[in-house]
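>>> Predicted structure and sequence below. I'll ask about it afterward.
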Protein chains: 2
Amino acid sequence: MNEATISALSERFGIQHPIFGFTPSEHVAAAISRAGGMGVLGCVRFNDAADLDAALSFMDENTDGKPYGVDIVMPATIPKEGTSKDLSELVPEGHKEFVERTLLKLGVPPLSGDDTSAGVLGWLHSVARAHVDVAMEHNISLIANALGSPPVDVIERAHEHGVPVAALAGTAAHARRHVENGVDIVVAQGYEAGGHTGEIASMVLIPEVVDAVGDRVPVLAAGGIGSGRQVLAAHALGAAGVWMGSYWLTTAEYQLGDSPVQTALVRATSSDTVRARIYTGKPARLLKNKWTQAWAEPDAPEPLPMPLQNLLVSEAHHRMMRGGDPEVVAMPVGQIVGRMNEIRPVAEVMASLLAEVEEARARLKA
Amino acid sequence: MNEATISALSERFGIQHPIFGFTPSEHVAAAISRAGGMGVLGCVRFNDAADLDAALSFMDENTDGKPYGVDIVMPATIPKEGTSKDLSELVPEGHKEFVERTLLKLGVPPLSGDDTSAGVLGWLHSVARAHVDVAMEHNISLIANALGSPPVDVIERAHEHGVPVAALAGTAAHARRHVENGVDIVVAQGYEAGGHTGEIASMVLIPEVVDAVGDRVPVLAAGGIGSGRQVLAAHALGAAGVWMGSYWLTTAEYQLGDSPVQTALVRATSSDTVRARIYTGKPARLLKNKWTQAWAEPDAPEPLPMPLQNLLVSEAHHRMMRGGDPEVVAMPVGQIVGRMNEIRPVAEVMASLLAEVEEARARLKA
């Protein structure tokens, strides 16, 4: 992908740098947009539409008029689903017992009386649709879908509002399908990425997706991007820009406070992740620790399909977060975690990244 | 890694291009060296020292005086081992029965009377040492070890002969240890690579290894390299050169004749590989097909440790190769197999690769 195409992408979105930053935090997302990238707010954690509405109002007020996007989790085909209560009844007792037994064994305390967790409902199609409804009322510049093409009517509705749609792809075949469905940007996400991820690593996947979509849409490289050399490599492979998720988890704006998660992230090496179905029911890369190991033991049940698995474990996730032990957290993150060794503000992370790209470019030209 | 370092590597080895090509075929290895890269002959298939001696004499005569290397398979610590016959007795009957049953189910004919297989003994430490002895009698310019640092006395002996030693590394910690052991070149091999491979993908691994070894030794990037964009990306990530294995398997010089392997390779996409312990006992990436699927079925036994697993399956490999069904072969290959879509001579592959690097470089500069 040449400089002209990279510039075209930035111009199209009105961003200074073709760096798309996915994050569940509106504070981090706003800071990424302010720093000249495209902050993309993950919506899956918002059970209540009013909470997402408030977060997006915060984005509108804190991005200095710069563009930002949202990320939803929506399969292209609408699944049969009941309410969260109906679904809970589909979770086998044996699975619930395993979770309780494991939390006890790992020393995770129960929640205090007034601290409850309703689970994460954003994996439900109906909730994801509500996210789209709310997002359309705000000044969004991008809707990205973590599960590939959203349903065609959602794409059409976004286009009516002048909002481009991005979709994650783990294979060239996925990418081709997204373009046929009307998607405007393909995010080629390699095996090394955090969260839901496929089997093909970025080095192989990115040029394959670029070749598959041709000049029709730009491709962003995701998975393994956390330094200027990796950004430059992504461009060498043909990507017009990069999509980074994990790397912002150790930014100061995350405001995780005393949470054990950032401690665990800063400690971890690139070998400390594992790809497993235990978070949502689909393969996702997570921080490897006592919790993921418990699910790999012979007495562990098979994870349930989406969305049941997340209903099963979401209170456990909440308890572990409150528990405070960095060895016992549930955290999606990519192999780039090995490079996330300090807590820094987003602006500083972005400035280092850009400086490193220029250094790497100069070295390559020298 | 800058142009100066890349040139230094090429000058040190007297090669035109910092492209190291690993292959089990002396015909392919010689062609890689003649085309300006460094052909590296895999020794593991040579049970008889005299056969390796003949192959290396062929290399001496067919490389136009250009440098070439050898690749051995030798753990740093010398394992306890008996003869091949003793070891065979350690293979459980249940495993042998599973292999026989699977071959029968997949329609693989028995070998004809005069066609026997002694198994591949190169996985034995004693045989790998014999490979070193033979190689030292030839005009080799590199000894690479697929299992990391070779024993220190082997490194010292290579250095006495003025031969640099390369070692494959799947983590930064491996790479550091190799340098401490006296290794001269580290090959950082990512998850996407064929054969024995670790969990960390090239995009993350390469800069991590480059940072770990600093200026002490050059790093070659392996895993996912099969186009000029990927070579350029490897340089952007800090590698001084690339190490390619899979990509030569579909070259004309391989002389596989009517073998089903090249047919299977040309057909396969990047999704058609699997990492499993069924080839040697250690995790290795293989072409995914009916044979690998049989080992993933509930009735399949756990693979045996190295070197027993290869003793168990080596006759089966030979039978499958003779059998002629492209859906039933045992073949180590990386995810780059999706880009291996035609049979071409080595010189043509090398010329395309170099032209693509220049194109990619021009695009990135534009």
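Arrived safely.

>>> contacts and neighbour counts: CA atoms only from here.
OK.

>>> Rounded mean pLDDT for whatever helix or strand A:Gln309 lives in, please.
Here A:Gln309 sits within helix A:308-323, counting by DSSP states H and E. Per-residue pLDDT over helix A:308-323 has a mean of 91.

>>> can I get the CA coordinates of that helix in CSV?
Below are the C-alpha coordinates for helix A:308-323, written out as CSV (Å, rounded to 0.1, in the frame of the first residue of the first chain):
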residue,chain,number,x,y,z
LEU,A,308,-24.1,-19.2,26.8
GLN,A,309,-20.5,-19.4,27.7
ASN,A,310,-20.2,-15.7,28.5
LEU,A,311,-23.5,-15.8,30.6
LEU,A,312,-21.8,-18.7,32.5
VAL,A,313,-18.6,-16.9,33.3
SER,A,314,-19.5,-13.2,33.4
GLU,A,315,-20.2,-13.0,37.1
ALA,A,316,-16.9,-15.0,37.7
HIS,A,317,-15.1,-12.4,35.6
HIS,A,318,-16.6,-9.7,37.8
ARG,A,319,-15.6,-11.5,41.0
MET,A,320,-12.0,-12.1,39.7
MET,A,321,-11.7,-8.4,38.9
ARG,A,322,-12.8,-7.5,42.4
GLY,A,323,-10.7,-10.3,43.9
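
>>> Tell me the buried residues in the very next helix or strand once past that helix?
Next in sequence after helix A:308-323, counting helices and strands by DSSP H and E, comes helix A:346-365. Going by neighbour count (16 or more other CA atoms under 10 Å in any protein chain shown), the buried part of helix A:346-365 is A:346-347, A:349-350, A:353-354, A:356-357, A:360-361, A:363-364.

>>> what does stretch A:212-223 give?
A:212-213, A:217-223.

>>> how many neighbours does the closest residue to chain B within chain A have?
Proximity of chain A to chain B (CA to the nearest CA) peaks at A:Ala233, 4.2 Å away. With neighbours defined by other CA atoms under 10 Å in any protein chain shown, the count for A:Ala233 comes to 29.

>>> Please identify the buried residues of stretch A:100-107?
Quick answer for stretch A:100-107 (16+ other CA under 10 Å): A:100, A:102-103, A:106.

>>> tell me the contacts of the residue of chain A closest to chain B?
Contact analysis of A:Ala233 by CA atoms under 8 Å, 6 or more residues apart in numbering or on different chains lists B:232-234, B:236-237.

>>> Save those residues as TSV, and put in secondary structure and pLDDT too.
Output for the contacts of A:Ala233, formatted as TSV (DSSP: H, G, I helix; E, B strand; the rest coil; pLDDT from 0 to 100):
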residue	secondary structure	pLDDT
B:Leu232	helix	98
B:Ala233	helix	98
B:Ala234	helix	98
B:Ala236	helix	97
B:Leu237	coil	98
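
>>> Any chance of a markdown table for the buried residues of helix A:346-365, columns pLDDT and distance to B:Leu311?
As requested, those are arranged in a markdown table below (pLDDT from 0 to 100; distance: CA to CA, whole Å):
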| residue | pLDDT | distance to B:Leu311 |
| --- | --- | --- |
| A:Val346 | 98 | 54 |
| A:Ala347 | 98 | 57 |
| A:Val349 | 97 | 52 |
| A:Met350 | 98 | 53 |
| A:Leu353 | 97 | 49 |
| A:Leu354 | 97 | 52 |
| A:Glu356 | 97 | 49 |
| A:Val357 | 96 | 49 |
| A:Ala360 | 95 | 47 |
| A:Arg361 | 94 | 49 |
| A:Arg363 | 90 | 48 |
| A:Leu364 | 89 | 46 |
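
>>> So which of those residues reach chain B?
A:360-361, A:363-364 (CA under 8 Å from any CA of the partner chain).

>>> sorry, back to before: tell me which entries of the buried residues of stretch A:100-107 lie within helices.
A:100, A:102-103 (DSSP state H).

>>> Nearest to A:Asn139, out of those: which one, please.
For these, the residue nearest A:Asn139 by CA to CA is A:Leu103; the value is 41.8 Å.

>>> What lies in contact with stretch A:213-226?
Outside stretch A:213-226, the residues that touch it by CA under 8 Å, 6+ apart are A:9, A:175-176, A:179, A:184-194, A:201-202, A:206, A:209-210, A:230-231, A:234, A:238-244, A:247, A:334-336, A:339, A:353, B:201, B:203-204.

>>> so A:Glu192, which of the three states?
At A:Glu192, secondary structure determined by DSSP: H, G, I helix; E, B strand; the rest coil is coil.

>>> Next, the contact list for it, please.
Going by CA under 8 Å, 6+ apart, A:Glu192 touches A:201-202, A:223-224, A:285, A:334-336, B:200-201, B:204.

>>> near chain B, which residues of the stretch 51-200 of chain A?
Contact residues (CA under 8 Å from any CA) of the stretch 51-200 of chain A with chain B: A:171, A:191-192, A:199-200.

>>> Mind doing that once more with 10 Å?
A:170-172, A:190-193, A:198-200 (CA under 10 Å from any CA of the partner chain).

>>> how about the residues you listed in JSON lines, adding pLDDT?
Shown next, in JSON lines, are these (pLDDT from 0 to 100):
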{"residue": "A:Gly170", "pLDDT": "97"}
{"residue": "A:Thr171", "pLDDT": "98"}
{"residue": "A:Ala172", "pLDDT": "98"}
{"residue": "A:Gly190", "pLDDT": "98"}
{"residue": "A:Tyr191", "pLDDT": "98"}
{"residue": "A:Glu192", "pLDDT": "98"}
{"residue": "A:Ala193", "pLDDT": "98"}
{"residue": "A:Gly198", "pLDDT": "96"}
{"residue": "A:Glu199", "pLDDT": "97"}
{"residue": "A:Ile200", "pLDDT": "98"}
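
>>> In a markdown table, list those along with distance to B:Val165.
Formatted as a markdown table, these follow (distance: CA to CA, whole Å):
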| residue | distance to B:Val165 |
| --- | --- |
| A:Gly170 | 37 |
| A:Thr171 | 37 |
| A:Ala172 | 38 |
| A:Gly190 | 32 |
| A:Tyr191 | 31 |
| A:Glu192 | 29 |
| A:Ala193 | 33 |
| A:Gly198 | 35 |
| A:Glu199 | 32 |
| A:Ile200 | 31 |
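
>>> who wins for most neighbours among those?
Highest neighbour count within these: A:Glu192, with 32 neighbours (other CA under 10 Å).

>>> returning to that earlier point: and the buried residues of stretch A:212-223, which of them are in strands?
Among the buried residues of stretch A:212-223, DSSP state E puts A:219-222 in strands.
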